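1. the amino acid sequence is not available; the structure is as follows:
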């Protein structure tokens, strides 16, 4: 990585253990309505702990807030509260609708943007758009509740609350003077036609540990004196030590306790008159008795009242530091210069990682995508054993009451984790996280590796070898992409620094062996090397709910499940070969995974009822195994049938040279069982590709052409904005199955789902999803490394335009990037017909990275801050911005996409 101040900070964090990442945006956007906070008898998390309760009820497992930061154990939290003088409550956290209140699943109903961040959070910037009129809470709930799945969502802009631009743009910037000294600047811009007043309440609080953990010392906040013109709150914590919040100006400090208001919520008694919503009661209701006159507590806020002229901006400055008043001097003396310096260093950092041929608009998309990735880190605390105990459940006792996640009582999670979305998904998901790390390699390989390590730690990995899926049901099954991400990160570091982290690879391989065994033993019920897996992250993609008992009886052998395990085998083979160059004991493991791959490939590729390939259609399908022994292919043209393209791995000559014993064994093995090679892609002597490369691939050349002819057909999978999850063919030809007088149907739905299958919060029946598109691009690049220019295909199908597979991959990437880029008329497809986002200068360059995208027009759908795997667009911009096909062919590759060349890096050789 090119050296600059931010790169130096990353190096110091790695080599000198300088705690540059100790403070960061680790506060959730939503803690209420989560499984962690659910103590209901029926497990209805959303209704048990509501948004209305959140201002008054102390959280057990974490905190939330606007533009929030905390230390990496979330002992001390800082966030922003606002009041426009008209709302019924302080705006302390983002509001959104629950499943029962919304017509398309839970959804945040606020406008906030992650504009900038460096990987060490030395500089960060956030924007919240706050209406000047009363926030339309009830209107949003009632109107959305009255709509059905066929109706559009009713959004905050639709309420008219932003008419005449009567709102404030509230920008929050952070800059670190050093790892323990943070400068905070809040800039309030009045976009309306008249002067307006805004109460700005920067808030400091301790996460409540004393009420839930016996014997835990209670921390304290108190006002202390200092120089004139500065108000100071001192924070003292047994583990964290002392910190000081310096507030510019003689501003009142309001103190209360971060304890539950039992009187308001449950009609009980409060231990103290000062409770969590005390500052809300004081500011909004004028209750002078709600705050502590002694100026002490565990939650406090500085109370700024700003009258901001039309078109004007007012600024508030604060500093959160470990430096005491007697040693810091004037806390704001160098404030402006430090802010400017950190922003300049952030610019320098992003310039260094952005290829020169990337356009200005692409650079904006790339930087905001990565900023969102970095802002979406969250402290996640969940001790499942204690949580079960608090529910009165002991999973070790026979006959214990059934409880969510009781099979995971070993879990103790208290880490900073990359989240898919800190409001809608403020919990990690295993396969999401693997894709996050791919995007994060662009800015912070150390954090990316740490995230992959985390999921394999003993507190996470199940004793059976299963990787936890997600908080609502850790036992559900996500696709096994962890091994792919691991070798990707290893190759990335190899390219950046001249060598990879072999210890990381060793410990990953050992734990992934357990996970691979779990897949083989748990998800291949017939022992035929054909795998299940359930929904596998694709929610409602099939005709039946794949995570529930089938209405037909029997079970599904899944084309996607089998393709995922095939890719898993390839990744483990590559890791084993890499490790064998350091220790020949790993050669036996390389042989094991090579054999796994060819046996899985043979089982999947058989023609007839035994396999998943349909010769007539030229496509892969799930196979329904019926109770009477019969079998039926479910002929749904979906991403399920495209994923076999992803199970592709190129074998470089230098890799073969490392393990001659493995090569000889496999040659002898296949000579004894020639049928195993009957349908997979030809490779080995006499079948080497460009540069003497070999290839391991489920899909042979003939089938590759047939699948691609569908995938690149604009009337089927190829959208102007990427590859659809379901073929558009099913718009006019829905797939229908009748079972016991009930109809089951799959038809093309380019936008939101019309079915409640698997919760109904996402749709795999037509929209475009970034992660699987990225894997398809990776597969195409792998095939290109093998074929070079000798394989060309029409793209789009029927256009007469022939492309090699690098050009096809780049074409798909361009279409994905087009979702966010301005078109010829200056509009961004991601925002569809929402004029405010398309034309208003104060809106149009702030980007949201949605969960998925409309299959025909590219508009953003689902969770609006899904800067997890959708952040992969940054990696695509960076990748195709620095690389052309010839460079890729000559330079070799990295498992995943391609290796980033750096000065002095040479092809890896055996140790």
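-> Received it, and whenever you're ready, just let me know what you need. Just so we're clear, the structure is a prediction, and the values are computed from it rather than from any experiment.

2. contact partners for residue 384?
-> Contacts for residue 384 (C-beta atoms under 8 Å, 6 or more residues apart in numbering) come out as 405, 408-412. Every C-beta, even on glycine, is put in place using the N, C-alpha and C of the backbone.

3. secondary structure, pLDDT and neighbour count added to these, as TSV?
-> As requested, these are exported to TSV (DSSP: H, G, I helix; E, B strand; the rest coil; pLDDT from 0 to 100; neighbours: other C-beta atoms under 10 Å):
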residue	secondary structure	pLDDT	neighbour count
405	coil	96	20
408	helix	98	22
409	coil	97	19
410	coil	97	14
411	coil	97	19
412	strand	97	16
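
4. please, which helix or strand holds residue 888?
-> Residue 888 is part of helix 885-891, with elements assigned from DSSP states H and E.

5. could you pull out the strands for the stretch 701-850 of the chain?
-> Secondary structure of the stretch 701-850 of the chain (DSSP state E, counting those that start in this stretch): strands at 718-719, 722-723, 735-739, 742-746, 792-794, 802-804.

6. and those: which comes nearest residue 281?
-> Using C-beta to C-beta as the measure, strand 722-723 is the one of the strands of the stretch 701-850 of the chain that comes nearest residue 281, at 49.7 Å.

7. which secondary structure elements does the closest one contact?
-> helix 770-787, helix 805-818 (3 or more C-beta pairs under 8 Å, 6 or more residues apart in numbering; DSSP states H and E).

8. now the last one against helix 770-787, angle please.
-> Which is helix 805-818. On the basis of axes from the mean of the first three to the mean of the last three C-alpha atoms, to 10 degrees, helix 805-818 is oriented at 160 degrees to helix 770-787.

9. name the residues of helix 805-818 that come out as buried.
-> Residues of helix 805-818 classed as buried: 805-813, 815-818 (neighbour count, 16 or more other C-beta atoms under 10 Å).

10. mind giving me TSV with those residues and columns for pLDDT and distance to residue 86?
-> Below are the buried residues of helix 805-818 laid out as TSV (pLDDT from 0 to 100; distance: C-beta to C-beta, whole Å):
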residue	pLDDT	distance to residue 86
805	98	58
806	97	57
807	98	56
808	98	55
809	98	52
810	98	51
811	98	51
812	98	48
813	98	46
815	98	44
816	98	42
817	98	41
818	98	41
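
11. relative to residue 441, which of those residues is nearest.
-> In terms of C-beta to C-beta, no member of the buried residues of helix 805-818 lies closer to residue 441 than residue 813, at 16.7 Å.

12. do I have it right that the closest one meets residue 777?
-> Yes: here residue 813 reaches residue 777: they are 5.9 Å apart, a contact under C-beta atoms under 8 Å.

13. the strands in the stretch 51-200 of the chain, which residues?
-> Under DSSP E, counting those that start in this stretch, the stretch 51-200 of the chain gives strands at 66-71, 76-83, 96-97, 107-108, 112-117, 123-131, 167-178, 181-190, 196-206.

14. on that earlier part again, show me the one of the strands of the stretch 701-850 of the chain that comes nearest residue 129.
-> For residue 129, the closest of these is strand 722-723, at 28.7 Å, according to C-beta to C-beta.

15. thinking again about what came up before, mutual contacts of residue 813 and residue 777, please.
-> With C-beta under 8 Å, 6+ apart as the test, residue 813 and residue 777 both reach residue 876.

16. could you find the closest non-adjacent residue to residue 708?
-> Excluding its sequence neighbours, the residue lying closest to residue 708 (C-beta to C-beta, 6 or more residues apart in numbering) is residue 793, at 5.4 Å.

17. oh sorry, the question was meant for residue 82
-> In space, residue 82 is closest to residue 91, 4.4 Å off (C-beta to C-beta, 6+ apart).

18. same question for residue 777.
-> Nearest non-adjacent residue to residue 777 (C-beta to C-beta, 6+ apart): residue 809, at 4.7 Å.

19. and residue 748, what does it touch?
-> Applying C-beta under 8 Å, 6+ apart to residue 748 gives the contacts 724, 726-731, 734, 765-766, 855.

20. circling back to that earlier point, which two among the buried residues of helix 805-818 are spaced furthest apart?
-> Farthest pair in these (C-beta to C-beta) is 805 and 818. Separation: 20.1 Å.

21. can you name the residues bridging to residue 82?
-> Beta-bridge pairing of residue 82 under DSSP bridges involves residue 91, residue 200.

22. my read: it touches residue 172, true?
-> No: in this structure, residue 82 is not within contact of residue 172 by C-beta under 8 Å, at 10.8 Å.

23. the two - which one has more neighbours?
-> The residue with more neighbours, out of residue 82 and residue 172, is residue 172; 23 against 19, by other C-beta atoms under 10 Å.

24. can you report how many residues neighbour the nearest residue to the more buried one once chain neighbours are set aside?
-> For residue 172, ignoring the flanking residues on the chain, the nearest one in space by C-beta to C-beta, 6+ apart is residue 67 at 4.0 Å. Residues lying near residue 67 (other C-beta under 10 Å) number 26.

25. just for the stretch 1-150 of the chain, where's the confidence low?
-> Applying pLDDT under 70 to the stretch 1-150 of the chain picks out residues 1-2.

26. show me the helices in it, by range?
-> Under the criterion DSSP state H, counting those that start in this stretch, helices of the stretch 1-150 of the chain are mapped to 5-15, 45-48, 51-54, 137-145.

27. could I get these as CSV with mean neighbour count and distance to residue 294?
-> What follows is those, written out as CSV (neighbours: other C-beta atoms under 10 Å; distance: least, C-beta to C-beta, whole Å):
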stretch, mean neighbour count, distance to residue 294
helix 5-15, 17, 40
helix 45-48, 18, 34
helix 51-54, 18, 26
helix 137-145, 16, 34
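
28. if we can go back for a sec, roughly how far does the residue nearest to residue 777 sit from residue 711?
-> Shown here: residue 809 relative to residue 711, a distance of 12 Å by C-beta to C-beta, to the nearest Å.

29. on that earlier part again, so can I have a markdown table of the helices of the stretch 1-150 of the chain showing distance to residue 272?
-> Formatted as a markdown table, these follow (distance: least, C-beta to C-beta, whole Å):
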| stretch | distance to residue 272 |
| --- | --- |
| helix 5-15 | 41 |
| helix 45-48 | 25 |
| helix 51-54 | 19 |
| helix 137-145 | 29 |
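
30. thanks again, I'm all set now.
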